[in-house]
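Enquirer: This is the structure alone, sequence omitted:
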């Protein structure tokens, strides 16, 4: 598995180098939806990551945000977000990242999230802990929701269907110390893992949004579930992640505001 972790790090750094090249330049932007956009950097990052994986692990399957899906007879599948935080990137707001995860028989076993502007490399391997730039990280010790700093994001269809997302947001604003919305689910999860945030929730996410970050949280001692049970799969569309100490309190808020 250590060899696969090295591949994941190489892939994330390769994608991150692309994002740094395009950052603060004029960007060609396409719309996938009303507020869902894609840039040339997304596509270039994905192309290079996929090329690297195909050259070094050609037997593995691949699932990536910008349309790459390669199904092969292997228990291993790479789940990739070549640019998580595209809207931030398009506006030169420096919170975005590359997310690379490896799934083995429906379980995430390797996760890497790379923030190229801040040079932050989050790495997790199943059963071996989580690290930021080589230093082991762990979740916070905040045990009261009232003292917690939370993060969330809004789904791309929030313009057409704002109800549930805004209702949850309002409920947590009233109960937590503060709530942030930074626009990158993968980074939000990593920030829970290292204690910058105490908890995170979001609706209508895709597998590549959470695959790497969720593993980083659990390997840092945190808890990741869906809203209603203790189970979580990257193929579910809602996630609740925390330091574990405020998890039940956050779930209670989600239950009451549903």
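Expert: Sure thing, it's come through. A quick note: this is a predicted structure, and the numbers were derived from the prediction, not measured.
Enquirer: Need the residues that contact the host helix or strand of residue 14.
Expert: In this assignment (DSSP states H and E), residue 14 forms part of helix 2-22. Outside helix 2-22, the residues that touch it by C-beta atoms under 8 Å, 6 or more residues apart in numbering are 39-41, 44-46, 48-49, 52-53, 56-57, 76, 78, 80, 82-83, 89, 96-102, 109-117, 121, 123, 125. For the C-beta atoms, the positions are set from N, CA and C on the backbone; glycine is no exception.
Enquirer: Let's see that with 6 Å instead.
Expert: Helix 2-22 is contacted from outside by 41, 44-45, 48-49, 52, 56, 82, 98, 100, 102, 110, 112, 114, 116, 125, using C-beta atoms under 6 Å, 6 or more residues apart in numbering.
Enquirer: Then stretch 99-109?
Expert: 4, 8, 11-12, 75-81, 84, 110-113, 126, 186, 211-212, 215.
Enquirer: coming back round to it: show me what counts as buried in the helix holding residue 14.
Expert: Within helix 2-22, the residues scored as buried using 16 or more other C-beta atoms under 10 Å are 4-5, 7-16, 18-19, 22.
Enquirer: which two from those residues end up farthest apart in space?
Expert: Between any two of those, the greatest separation by C-beta to C-beta is 27.7 Å, found for 4 and 22.
Enquirer: helices or strands up against the helix or strand where residue 47 lies?
Expert: Using DSSP H and E, residue 47 maps to helix 40-56. Packing contacts for helix 40-56, counted by 3 or more C-beta pairs under 6 Å, 6 or more residues apart in numbering; DSSP states H and E, involve helix 2-22, strand 76-84.
Enquirer: To residue 145, which of the ones you listed lies closest?
Expert: Evaluated over the helices and strands packed on helix 40-56, closeness to residue 145 peaks at strand 76-84, with 26.4 Å, by C-beta to C-beta.
Enquirer: what is the rounded mean pLDDT of the next helix or strand after the closest one?
Expert: As assigned by DSSP H and E, the chain's next helix or strand after strand 76-84 is helix 86-90. Per-residue pLDDT over helix 86-90 has a mean of 92.
Enquirer: Following the chain onward from helix 86-90, which element is next?
Expert: Using DSSP H and E, the helix or strand that follows helix 86-90 in sequence is strand 97-104.
Enquirer: partners of that following strand, with directions?
Expert: strand 76-84 (antiparallel), strand 107-115 (antiparallel) (DSSP bridges).
Enquirer: Deepest-packed of the ones you listed, please.
Expert: Across the strands paired with strand 97-104, the average number of neighbours (mean count of other C-beta atoms under 10 Å) peaks for strand 76-84, which reaches a mean of 27.
Enquirer: care to break this protein down by domain?
Expert: Per the record, the chain has its domains at 2-136, 145-257, by automatic domain parsing.
Enquirer: which of the ones you listed sits most buried?
Expert: domain 145-257 (a mean of 20).
Enquirer: and that one, how far apart are its ends?
Expert: End-to-end distance for domain 145-257: 15 Å, by C-alpha to C-alpha, to the nearest Å.
Enquirer: as a whole number, average confidence for that domain?
Expert: Domain 145-257 carries an average pLDDT of 94.
Enquirer: now stretch 61-72
Expert: In this model, stretch 61-72 carries a mean pLDDT of 92.
Enquirer: from here on, count from 50
Expert: Renumbered: residue one is now 50, and that last one reads stretch 110-121.
Enquirer: Just give me how far it sits from the chain centre.
Expert: Here the centre of stretch 110-121 is set off from its chain's centre by 17 Å, with C-alpha atoms, centre = their mean, to the nearest Å.
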